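Engineer: need coordinates for the below:
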Amino acid sequence: MREMIIIGGGIAGMSAGIYAARSALNPLILIGPIQGGALTQSHEIENYPGFVDSIPCFQLTDTIEKQARRLGTEFQQETVKNIEKISGGYKINTLSGKSLEAKTIILATGTKPRNLDVPGMKDFYGKGVSSCAVCDGFFYKGKKVAVIGGGNTALYEALYLAKICEKVTIVHRGAELTAEKITQELVKKVKNIEIIYESELYALHGENVLTKAEIRHNQTQKKQFLDVDGLFVAIGVLPNTDFLKGFIDLNPWGYVETTGKSTATNHPGIFVAGDMIADVFQQVVIAAGSGATAALEAEHYLHNM
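Structural biologist: Coordinates of the predicted model:
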């Protein structure tokens, strides 16, 4: 039985691994489907302390992973199926059939993009529809694309796409964008970005690939057809907590509930870090801090044991 297993290999999980390794807890990180977590699906980050200029997201995650490995954190490419309570700790069952035991667990599986349930969405996913501009933006070089959403993620996607696409149209259901003001100002300065307000995606059209996006104005219900080669959905996220349902206390939206200001969950010895925590700001620096906090609280728990 290990002292600690961390589920999730993003910023929160790796930060927990750094602190746990420095405390000689020999942590094991179960990476899950994406090495480095959801941040690797973004382009650049400019608000992480310690960097004067913006840096590629993969560079930040790669550096933190190397730091964690140097300090003694182990990594395994495993996705967790469920967790069971056993004598002295917990058993983690993975989709590959492995069973691992630990006295403490840190949950850091983060979030996944929220999708839209509109006609044509499933038909054109991978054939014009995507949720990751960094992953798929290159396929639309010199073409016309649309981005659905008005928050930070949507605007970052639009800024990235504007560098390689002929035109980027942002479709936002509100009368005003919800992203940080500095990001809004950057977007409004880019000549090949257009913003359509108070409108929502209604349907997608095409033969074998996407060719048109049908949108409707919220108030007038007036239809508008956008000629697009690609469409990127960026309307928020959902927590990766399906494997915890019925075991860990979750709020109505699926985020993990914690005990007071602690990172502790309703199960002694299980802590949580990062964007999957209920009622926290979803920022990279906060995820890193919560990972460190979870590791320190887990160490304290083990000491009391």
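Engineer: alpha carbons of stretch 253-269, in PDB - could you do that?
Structural biologist: C-alpha atoms of stretch 253-269 as PDB (Å, rounded to 0.1, in the frame of the first residue of the first chain):
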ATOM      1  CA  TRP A 253     -23.100  20.400 -11.100                       C
ATOM      2  CA  GLY A 254     -20.700  17.500 -10.400                       C
ATOM      3  CA  TYR A 255     -17.900  19.400  -8.700                       C
ATOM      4  CA  VAL A 256     -16.300  17.900  -5.500                       C
ATOM      5  CA  GLU A 257     -17.500  19.300  -2.200                       C
ATOM      6  CA  THR A 258     -14.800  20.000   0.400                       C
ATOM      7  CA  THR A 259     -14.800  20.300   4.200                       C
ATOM      8  CA  GLY A 260     -14.700  24.000   5.100                       C
ATOM      9  CA  LYS A 261     -11.600  25.700   3.800                       C
ATOM     10  CA  SER A 262      -9.800  22.400   3.600                       C
ATOM     11  CA  THR A 263      -9.100  20.300   0.500                       C
ATOM     12  CA  ALA A 264     -10.500  17.300   2.400                       C
ATOM     13  CA  THR A 265     -13.500  15.400   1.000                       C
ATOM     14  CA  ASN A 266     -16.200  13.400   2.900                       C
ATOM     15  CA  HIS A 267     -13.800  10.400   3.000                       C
ATOM     16  CA  PRO A 268     -10.900  10.700   5.500                       C
ATOM     17  CA  GLY A 269      -7.600  10.600   3.600                       C
END
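Engineer: what's the helix or strand for F271?
Structural biologist: For F271, the element it lies in under DSSP states H and E is strand 270-272.
Engineer: could you identify the helix or strand that succeeds that strand?
Structural biologist: helix 284-304.
Engineer: just the buried positions in that next one, please.
Structural biologist: Residues of helix 284-304 classed as buried under the neighbour-count rule (16 or more other Cβ atoms under 10 Å) are 284, 286-299, 301-302. Glycine gets a C-beta too; all of them are placed from N, C-alpha and C.
Engineer: what's next to stretch 138-146, contact-wise?
Structural biologist: For stretch 138-146, contacts defined as Cβ atoms under 8 Å, 6 or more residues apart in numbering pick out 137, 161, 164-171, 213, 226-232.
Engineer: from the residues you listed, which land in helices?
Structural biologist: L161 (DSSP state H).
Engineer: out of the contacts of stretch 138-146, which end up buried?
Structural biologist: Buried among the contacts of stretch 138-146 (16+ other Cβ under 10 Å): 137, 161, 164-165, 167-171, 213, 226, 228-232.
Engineer: take those and keep only those in strands.
Structural biologist: 167-171, 213, 226, 230-232 (DSSP state E).
Engineer: in CSV: those, plus distance to I29.
Structural biologist: Below are these laid out as CSV (distance: Cβ to Cβ, whole Å):
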residue, distance to I29
K167, 41
V168, 36
T169, 40
I170, 36
V171, 38
A213, 39
L226, 42
G230, 34
L231, 34
F232, 30
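Engineer: and those, which is closest to F58?
Structural biologist: For those, the residue nearest F58 by Cβ to Cβ is F232; the value is 18.8 Å.
Engineer: out of the buried ones among the contacts of stretch 138-146, which is nearest to I55?
Structural biologist: Each of these was checked against I55 using Cβ to Cβ; the closest is G137, at 18.6 Å.
Engineer: now do the contacts for the closest one.
Structural biologist: 145, 160-161, 164-165.
Engineer: out of those, what pair is the most spread apart?
Structural biologist: Most distant of the contacts of G137, by Cβ to Cβ, are V145 and Y160, 10.7 Å apart.
Engineer: these two: who's more crowded?
Structural biologist: Set V145 next to Y160 and count neighbours by other Cβ atoms under 10 Å: V145 wins out with 29 against 19.
Engineer: what about that one, which SS state?
Structural biologist: Secondary structure for V145, judged by DSSP: H, G, I helix; E, B strand; the rest coil, is strand.
Engineer: bridged to it, which residues?
Structural biologist: V168, G230 (DSSP bridges).
Engineer: for the host helix or strand of I18, buried residues please.
Structural biologist: I18 is located in helix 11-22, with elements delineated by DSSP H and E. Residues of helix 11-22 classed as buried: 11-21 (neighbour count, 16+ other Cβ under 10 Å).
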